[in-house]
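S.K.: Here's a sequence, model it:
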Amino acid sequence: MNITRKYNIELEKLSIIKTIEKREFSFSKILLFREYQSRLYNWKLALKFDGNDFFNKRKSYHNLFLDINPPWFNELITEEKLIMDLNNMGLDYFYVGPREYMSLFLTLFVNWEIFKSEKEIKDLSILPHPYETLFILLKRGGLIYRSDNKFVINDITYLKYDNQFVLPSIADNFLDFVDSKCSDFPNQEKVNELWEEYNSL
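M.R.: Numbers count the residues shown, from 1 in each chain. Model prediction:
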């Protein structure tokens, strides 16, 4: 399957974002972003690059393709192309800007989906998909941007935690369960308790 066909399939996946009616804050969105931070950090370590201080500061830090530097790098879908196609689909709130990250994250997700069968990525396939939780976050009505070197998720400032957090499941049913149970930011211990409770139902 050629790149154009793969890209069109991924673009169709993104159309689900058009159906979102509510874009409200929920604790599951923070947990999804924490899981992303942990996954990204583990990929960085595997690729012999840490620089975790740049998580809130440099867009390039989030682009693992720069670290992998594959021979097919020039075939990657550009952020500008994805934005143009999203705008044509009626998703006109995606754009390039110093504080804007949603289009970057979607571009990284789409490219990972297209090229994940390439050797340079498959060699590290023991690690989870680094951008999967970002797509889920956006699919669940998440809004992400950066302000004063901090990420903001649905108008709530994201405090950069450690890189060891593990979200036991990214299934919508569990995420909905978390949101129904939480009235404050859950830490790892609380999330584990909720996971046990969820599995006992």
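
S.K.: When you work out contacts or count neighbours from here on, use the C-alpha atoms and nothing else.
M.R.: OK.

S.K.: sec struct for the most centrally placed residue in the chain, please.
M.R.: Nearest to the mean C-alpha position of the chain, by Cα atoms, centre = their mean, lies Leu134 at 1.8 Å. Judged by DSSP: H, G, I helix; E, B strand; the rest coil, the three-state class of Leu134 is helix.

S.K.: so how far is Glu189 from it?
M.R.: 23 Å (Cα to Cα, to the nearest Å).

S.K.: buried residues in the lengthiest helix in the chain?
M.R.: Across the chain, the longest stretch assigned as helix under DSSP state H is helix 27-46. Buried residues in helix 27-46, counting neighbours by 16 or more other Cα atoms under 10 Å, are found at 27-44.

S.K.: which stretches of this protein form strands?
M.R.: Counting by DSSP state E, the chain has strands at residues 144-147, 150-153, 156-158.

S.K.: I'd like those written out as a markdown table, with mean pLDDT and mean neighbour count added.
M.R.: Shown next, in a markdown table, are these (pLDDT from 0 to 100; neighbours: other Cα atoms under 10 Å):
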| stretch | mean pLDDT | mean neighbour count |
| --- | --- | --- |
| strand 144-147 | 90 | 18 |
| strand 150-153 | 92 | 19 |
| strand 156-158 | 91 | 15 |
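
S.K.: so which of those strands gets nearest Leu104?
M.R.: Smallest distance to Leu104 across those (Cα to Cα): 10.5 Å, for strand 144-147.

S.K.: Just the residues contacting that closest one, thanks.
M.R.: 56, 99-102, 151-154 (Cα atoms under 8 Å, 6 or more residues apart in numbering).

S.K.: what's the answer for stretch 171-182, then?
M.R.: By Cα under 8 Å, 6+ apart, stretch 171-182 touches 26-28, 169, 191, 194-195, 198.
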